[in-house]
Structures are given as C-alpha cells and as structure tokens.
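*Asks:* Please work out how this folds:
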Amino acid sequence: MRSTLYAVGRLWMFIFLAELVLTVAALISCLSAEEHRLNALPRWGWVVIILLFSPIGAIAWFVVGRERTPDPKVWRQGSGFPEHQRPRQLAPDDDPEFLRRLAKEQRETAAADRELLSKWEMDLRRREEELRKQDKTDD
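*Replies:* As a prediction, this is how the structure comes out:
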C-alpha cells in the first residue's frame, strides 16, 4: 500500500512539473512574441488564460495563440532564409537609379566646371592683353 502511494505521489509530482514547465514555456513564448504574431487576443488576455487555466491555457496558446508562419517580408537572423533569398536593401553602388542620378549630377557638375574654367581663361587673356597694352604705352 505504501509503495502504491509512493508511486502515485511520484506520478503527481511528474505531472505537476510537466504542467509547470508547459506553463512557463507558454508564458515565455507569449511574452516574447511580437505583437503582429498574436492571434485572437491581445497579449494580456493570453497571459491571463495561460495562468488561470493551466495547462489548458498553455496548450491553447501553442495551438491557437501564435501565428505559425513567419512573415516573409521580415528577415531576422536565424529565421531560416537561405543567404541568396534573404531580403535586403541594395547598396548605393548596386542601385541603378542611384547610379543614373549620380552620373547626371557628375555631367552637370563637369559642364558647370568647364564653363567656369572658360570664363576664367577669357578673363585671364583679357587681363594679359590689358597688361601688354599698358606695357607698350609705357615704353
């Protein structure tokens, strides 16, 4: 009789520990889930259900409460995307629109620089001519 009570006590202890682990795992999962991944209820509702209706609430959380499919537009480290499929922004030197805009700006800048340089050269030639004329009149 005593060994039977001991075996039943151990069984209840095992069930209690399993329920405790399941509840803690459900709470951690619920509290760390992102807001857009929660189904049916807000976070506080799931926490109340998990705590008050243990272990049914914890099982309900894992079955119904969280979204199972990951959002394909969002990449997080370790989310399972192969490297070649990982969504990423283009670097500026890989972005065709950026390169077109940069080339256009460089052409405009070069044209403005050539125009300014030609004005300076014309001004320098004019001044040199004025100095030559002044030197001839002084002689």
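*Asks:* going forward, measure contacts between C-alpha atoms and count neighbours the same way
*Replies:* Will do.
*Asks:* Any idea how far the helix ranked longest in the chain is from the middle of the chain?
*Replies:* Secondary structure of the chain per DSSP state H: the longest helix is helix 96-138. Relative to its parent chain, helix 96-138 has a centroid offset of 47 Å by CA atoms, centre = their mean, to the nearest Å.
*Asks:* Secondary structure class of residue 41, three-state.
*Replies:* At residue 41 the chain is in coil, as set by DSSP: H, G, I helix; E, B strand; the rest coil.
*Asks:* Could you double-check that it lies in contact with residue 66?
*Replies:* No: using CA atoms under 8 Å as the test, residue 41 is too far from residue 66 to be in contact (9.8 Å).
*Asks:* per-domain residue ranges of the protein.
*Replies:* Annotated domains of the chain cover 1-69, 91-139 [automatic domain parsing].
*Asks:* Put the alpha carbons of stretch 126-139 into CSV.
*Replies:* Taking Å, rounded to 0.1, in the frame of the first residue of the first chain, the C-alpha atoms of stretch 126-139 are listed here in CSV:
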residue,chain,number,x,y,z
ARG,A,126,41.8,89.9,-71.3
ARG,A,127,43.9,91.0,-68.3
GLU,A,128,47.1,89.8,-70.1
GLU,A,129,46.1,91.8,-73.2
GLU,A,130,45.5,94.9,-71.0
LEU,A,131,48.9,94.5,-69.3
ARG,A,132,50.6,94.1,-72.7
LYS,A,133,48.9,97.3,-74.0
GLN,A,134,49.9,99.1,-70.8
ASP,A,135,53.5,97.9,-71.1
LYS,A,136,53.6,99.1,-74.8
THR,A,137,52.3,102.5,-73.9
ASP,A,138,54.7,102.9,-71.0
ASP,A,139,57.7,102.1,-73.3
